[in-house]
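Novice: Quick one, what's the 3D model for this:
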Amino acid sequence: MSVQAIIAILEKLETMHKSLLEHSYKKTELIKKGDMAELDNMLKTEQSHVAAIETLEKQRQQVVTDYLRAKGIAPSDTPTVSDVIEVAEPEERNHLDAARKRLTLVIDDLRKQNDLNQRLIFQSLQIVNMTLDMLRPRPEQINYTGKNVGGNQANAKKTYFDSQA
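Specialist: Here you go, the predicted model:
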């Protein structure tokens with residue numbers, strides 16, 4: 001078995017992640033504009049991308065497992081491309097390593113963009129909460145303050161010990 005099947009799946013994963021990254025850039029602009037309807041549509045599209053990526057990842061794990069077994073190596077619970085790189089031929093090793101690095105770079109960019117989107121959404125939520133706090137009437141303080149507010153001062157000096165007895 002050759003590593004070409006693994007490289008092909010890695011390239012498909014890279015393509016799907018690049019597409020997801022483009023959606024993430026568009027999502028950033030939608031968050032800035034505050035277009036919730038379009039943002040909702042974007043999230044649905046992203047979910048279909050994530051489902052496709054999960055399917056490709058399962059295929060990758062199966063192909064890697066098959067490759068390692070063909071080489072006579074018992075794969076771990078989650079076989080990785082690094083495991084294949086260790087046992088591959090030098091030329092195949094270079095191609096696999098290059099494909100893995102490209103995919104890793106795209107995933108890192110996607111992670112950074114998603115972190116930015118998360119921070120933007122958090123800031124938007126803070127602004128909404130602050131605005132709501134400003135618009136809501138403040139209730140009068142109902143806790144004891146240590147001062148007798150509006151009460152009779154004679155009652156304030158009353159004690160339980162009767163000194164006249």
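
Novice: Pull the number of nearby residues for residue 22.
Specialist: 12 (other Cβ atoms under 10 Å). For glycine as for every other residue, the C-beta is placed from the backbone atoms N, C-alpha and C.

Novice: Likewise for residue 47?
Specialist: 10.

Novice: which of the residues in the one helix or strand it maps to are buried?
Specialist: Element membership for residue 47 (DSSP states H and E) is helix 36-70. Residues of helix 36-70 classed as buried: 39, 42, 46, 53, 56, 59-61, 63-65, 67-68 (neighbour count, 16 or more other Cβ atoms under 10 Å).

Novice: Kindly present those residues as a markdown table, with separate columns for distance to residue 14 and pLDDT.
Specialist: Output for the buried residues of helix 36-70, formatted as a markdown table (distance: Cβ to Cβ, whole Å; pLDDT from 0 to 100):
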| residue | distance to residue 14 | pLDDT |
| --- | --- | --- |
| 39 | 26 | 90 |
| 42 | 21 | 92 |
| 46 | 17 | 92 |
| 53 | 11 | 95 |
| 56 | 10 | 95 |
| 59 | 14 | 94 |
| 60 | 12 | 93 |
| 61 | 16 | 91 |
| 63 | 15 | 92 |
| 64 | 16 | 91 |
| 65 | 21 | 91 |
| 67 | 19 | 89 |
| 68 | 22 | 89 |
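
Novice: Remind me what the helix holding residue 47 packs against, helices and strands.
Specialist: helix 4-33, helix 81-87 (3 or more Cβ pairs under 8 Å, 6 or more residues apart in numbering; DSSP states H and E).

Novice: closest one to residue 133 among those?
Specialist: helix 4-33 (22.0 Å; Cβ to Cβ).

Novice: gap between the nearest residue to residue 59 once chain neighbours are set aside and residue 16?
Specialist: The shortest distance from residue 59 to any non-neighbouring residue, by Cβ to Cβ, 6 or more residues apart in numbering, is to residue 9 (5.6 Å). Residue 9 sits 10 Å away from residue 16, going by Cβ to Cβ, to the nearest Å.
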